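Asks: have a look at this prediction, sequence included:
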Amino acid sequence: MTKKNVHWAAAGDVNAFFGLMLDNIADLLLTIGLLATVFKFPTTFAIQHMAPGTAIGVFVGDLAFFIMALALARRTGRNDVTAMPLGLDTPSTFGMVFFVLGPAFNHAQHILQLSEQEAAVYTWHIGICSIVISGLFKVLCAFGSGWIRKFIPRAGLLGSLAAVALVLISFLPFVESLHYPVVGMTALAIILTTLVARIGLPKQIPGAFAALIIAGGIYYLMDGLGILGAPHEEMPFDPREGLLPSGWLAVFQFGWLAQFGDALHYLPIVIPFALGTVIGGIDCVESAAAVGDEYDTNRVIFVEAIATLVAGLCGGVIQTTPYIGHPAYKAMGGRSAYVLATAIFVGGAGTLGYFGYLYWLVPKSTVFPILVFIGLEITAQSFLATKKKHYAAVSLACVPALAALVLVFVDDAQGQYMGQAAQLMEAVNSLPADTAGLDNLKSSAETIQSISQGNFFGPLGVKLQTLRMLSGGFILTSLMWASALAMIIDRRLLTAAGFFALCGLFALFGLIHSPLPGSPVVLPWAVDDFPATAAGQTPVYMLAAYLCAAGVLVLFHFCRLEEGPPTESLDDWEETT
């Protein structure tokens, strides 16, 4: 095969483009919307300064992955190579908004006594520094990522991927789709029929496009007749404010370097999120290999790192990461054109500013079912590419992600009331000292404000704190737990004990199981910083717990009192259907 015969575009790229592009656009709008609604951050500033650089990071990363896919196709002589997808990291979006950008904005206004505009600039500079640090950290990680992939069993790599796919990528968009159930279920039925069952439409119309047109038509028809049911979701900003942004060009004056020292205070938040995308990127390479596309792990992570670094240097505030949808996009029939189209479209959306109009025009209930399919396809592929005897390990990996799912809604609720709680506290503090019942009122206001800031109380608080501990670094936890169980199933008990011991080390410094809001890295001796509800779940306790688990496996290794039936017999199971 000659180079000119490489088929890098196919009809399936249309479906894949809609899935990848809309996911990125949603994250851009999520960043702006959360900052505006929760922290009263000026939307015009966010659109003019933060969005362009963030989108440029996606442009650079997806363009690089497009080139890598062409190179792989030419090297292998194949026409079915699917490019790795890249986009904005959704967990980091929440993390950066609630635990870096938002707090920095409040700090600038209330502690540094800056004006709204000055506080916005300060916050932007903190975000730039954080993303640049993330990019540099990931550059260092890129050189050892290939070794990690060789060392970690496939059940661990794909198990953590299945956890994210099923619990977050499928479930959360499904909830959004049912906001308008008639529209959402219609789109979902089309997606499941065309993309899961592979039942074609006339004229080979792409399923995602058909879902968008048909379900979108139903949406606007019901809206015109006044029978839509739920009210319209308000736009967090005027789309016209985003056209042709120019404020972001101030990043090249490098004034943000003055806030580099202040940004270091947020490293305990920033580094775990960066590490999470590295682990997720390694998982993505393994999932691509499982469906036949073998990419170099170090290069993939290096591209991710450079894309994040470029985003920061251009004023972006959200890091990029390889998306876990490669098997799904391949199942759609996508090749490489979809990432090239996404790079151009998202890059243009940020630098030209038209993404707001797209979000305003296209109902989310018509496109989010695509993400439901992507999550289902990745989950199915994770099991299909894993040995049958390791299915339990893949299933175990989903448990920490369930905790993270609960915390998504808890943190969202707390974030929505954070600003109102602060206003309540200010109002109470402004009351005259002789106001009747002022002490009780002030105590109640302090409790409400503390809850809005992520602190829990009472019996329910203990349960929520346990969920927070379990969700901290959940991707890494899923990977380690699934790897340990796979080793146990294979009777490699000392190796499994090593995984548990490593979990203990990670927990000691908060890389997993951090007891603090935002899951920052912690110092194990800083017990005064831990909430009272985490009294039995401090890093020292978690270290002891994992060492005990490792000790049990060591005892089993040296004192095998009774040998059970070999688990390898599970490989001989036959389907009964």
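Replies: Structure received.

Asks: count of residues packed around L505?
Replies: 13 (other Cβ atoms under 10 Å). C-beta here means a position set from N, CA and C on the backbone, and glycine is covered the same way.

Asks: now it, nearest residue through space, not along the chain?
Replies: Counting by Cβ to Cβ, 6 or more residues apart in numbering, L543 is the residue found nearest to L505 once chain neighbours are left out, at 7.4 Å.

Asks: other SSEs contacting the strand or helix carrying the one you found?
Replies: In the assignment (DSSP states H and E), L543 maps to helix 539-558. Secondary-structure packing of helix 539-558 (3 or more Cβ pairs under 8 Å, 6 or more residues apart in numbering; DSSP states H and E): helix 493-508.

Asks: wait, the residue nearest to L505 touches F506, no?
Replies: No - applying Cβ atoms under 8 Å, one finds L543 not in contact with F506, separated by 9.3 Å.

Asks: so for the two, which sits in the more crowded spot?
Replies: Per other Cβ under 10 Å, whichever of L543 and F506 has more neighbours is F506, with 23 against 20.

Asks: skip the chain neighbours and tell me the closest residue to the more buried one.
Replies: In space, and not counting its chain neighbours, F506 is closest to I512: 4.7 Å by Cβ to Cβ, 6+ apart.

Asks: quick one: that neighbour is in a strand?
Replies: No - applying DSSP: H, G, I helix; E, B strand; the rest coil, one finds I512 to be coil, outside a strand.

Asks: for the helix holding L543, give the mean pLDDT please.
Replies: Averaging pLDDT along helix 539-558 gives 95.

Asks: return the distance of that helix from the chain's centre.
Replies: Helix 539-558 sits 31 Å away from the centroid of its parent chain (Cα atoms, centre = their mean, to the nearest Å).

Asks: what about F66, how many residues nearby?
Replies: Neighbour tally, F66, other Cβ under 10 Å: 23.

Asks: my bad, L168
Replies: Summarising burial for L168: neighbours were counted as other Cβ under 10 Å, giving 21.

Asks: quick one: contacts for it?
Replies: For L168, the contact set (Cβ atoms under 8 Å, 6 or more residues apart in numbering) comprises 90, 375, 401, 404-405, 408.

Asks: nearest to A10, of the residues you listed?
Replies: G375 (22.5 Å; Cβ to Cβ).

Asks: isn't I25 right up against Y357?
Replies: No - contact criterion Cβ under 8 Å: I25 and Y357 do not qualify, at 10.6 Å.

Asks: averaged pLDDT, stretch 42-55. What do you get?
Replies: Computed over stretch 42-55, the average pLDDT equals 92.

Asks: how far away is the closest residue to F65 other than its chain neighbours from I205?
Replies: Excluding the flanking residues, the one nearest F65 by Cβ to Cβ, 6+ apart is M84, at 4.5 Å. Distance of M84 to I205, computed by Cβ to Cβ, to the nearest Å: 26 Å.

Asks: give me the more crowded residue out of those two.
Replies: Ranked by neighbour count (other Cβ under 10 Å), M84 and I205 place M84 first, with 30 against 14.

Asks: spit out the contact partners of that one.
Replies: Applying Cβ under 8 Å, 6+ apart, the residues near M84 are 65, 68-69, 284-285, 288, 293, 295, 300, 322-323, 326, 339.

Asks: by neighbours, which of these wins?
Replies: Greatest neighbour count in the contacts of M84, by other Cβ under 10 Å, goes to V339: 34 neighbours.

Asks: list the contacts of it.
Replies: Listed by Cβ under 8 Å, 6+ apart, the contact partners of V339 are 20, 62-63, 65-66, 69, 83-86.

Asks: so it is in which element?
Replies: helix 337-352.

Asks: in that helix, which residues are buried?
Replies: For helix 337-352, burial by neighbour count (16 or more other Cβ atoms under 10 Å) applies to 337-343, 345-347, 349-351.

Asks: how about CSV for those, with distance to K138 and pLDDT added?
Replies: Converted to CSV, the buried residues of helix 337-352 look like this (distance: Cβ to Cβ, whole Å; pLDDT from 0 to 100):
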residue, distance to K138, pLDDT
A337, 27, 95
Y338, 24, 95
V339, 19, 96
L340, 23, 97
A341, 25, 96
T342, 21, 96
A343, 19, 97
F345, 25, 95
V346, 20, 94
G347, 20, 95
A349, 24, 90
G350, 21, 90
T351, 23, 93
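
Asks: just the helices from the stretch 201-350 of the chain, written as ranges.
Replies: Along the stretch 201-350 of the chain, counting by DSSP state H, counting those that start in this stretch, helices occupy 207-225, 260-263, 267-290, 297-313, 326-331, 337-352.

Asks: quick check: mean pLDDT of the fourth one?
Replies: Think helix 297-313. On average, the pLDDT along helix 297-313 is 96.

Asks: what's the domain layout of this structure?
Replies: Taking automatic domain parsing as the reference, the chain has its domains at 3-171+231-360+371-386, 404-561.

Asks: before we move on, the earlier item: now find how far off-centre the helix holding V339 is within its chain.
Replies: Computed by Cα atoms, centre = their mean, the chain-centroid distance of helix 337-352 equals 20 Å.

Asks: which neighbouring elements make contact with the helix or strand just after it?
Replies: Using DSSP H and E, the helix or strand that follows helix 337-352 in sequence is helix 355-361. Counting contacts by 3+ Cβ pairs under 8 Å, 6+ apart, helix 355-361 packs against helix 12-39, helix 337-352.

Asks: output whichever helix or strand comes after helix 355-361 as PDB, nothing but the C-alphas.
Replies: Counting by DSSP H and E, the next helix or strand C-terminal to helix 355-361 is helix 364-384. Output in PDB follows, covering the C-alpha atoms of helix 364-384 (Å, rounded to 0.1, in the frame of the first residue of the first chain):
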ATOM      1  CA  LYS A 364     -28.500  18.500  25.000                       C
ATOM      2  CA  SER A 365     -31.100  15.700  25.200                       C
ATOM      3  CA  THR A 366     -30.500  15.100  21.500                       C
ATOM      4  CA  VAL A 367     -26.700  14.500  21.700                       C
ATOM      5  CA  PHE A 368     -26.000  13.200  25.100                       C
ATOM      6  CA  PRO A 369     -27.300   9.700  24.200                       C
ATOM      7  CA  ILE A 370     -24.100   9.400  22.000                       C
ATOM      8  CA  LEU A 371     -22.100   9.600  25.200                       C
ATOM      9  CA  VAL A 372     -24.300   6.800  26.700                       C
ATOM     10  CA  PHE A 373     -23.300   4.600  23.800                       C
ATOM     11  CA  ILE A 374     -19.700   5.500  24.200                       C
ATOM     12  CA  GLY A 375     -19.700   4.500  27.800                       C
ATOM     13  CA  LEU A 376     -21.500   1.200  27.100                       C
ATOM     14  CA  GLU A 377     -19.100   0.300  24.200                       C
ATOM     15  CA  ILE A 378     -16.100   1.000  26.400                       C
ATOM     16  CA  THR A 379     -17.400  -1.100  29.200                       C
ATOM     17  CA  ALA A 380     -18.300  -4.000  26.900                       C
ATOM     18  CA  GLN A 381     -14.900  -3.800  25.300                       C
ATOM     19  CA  SER A 382     -13.100  -3.800  28.700                       C
ATOM     20  CA  PHE A 383     -14.700  -7.100  29.500                       C
ATOM     21  CA  LEU A 384     -14.200  -8.600  26.000                       C
END
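
Asks: please work out the average pLDDT along helix 364-384.
Replies: Averaging pLDDT along helix 364-384 gives 84.

Asks: and that helix, how far out from the chain's middle?
Replies: Chain-centre distance of helix 364-384: 15 Å, with Cα atoms, centre = their mean.
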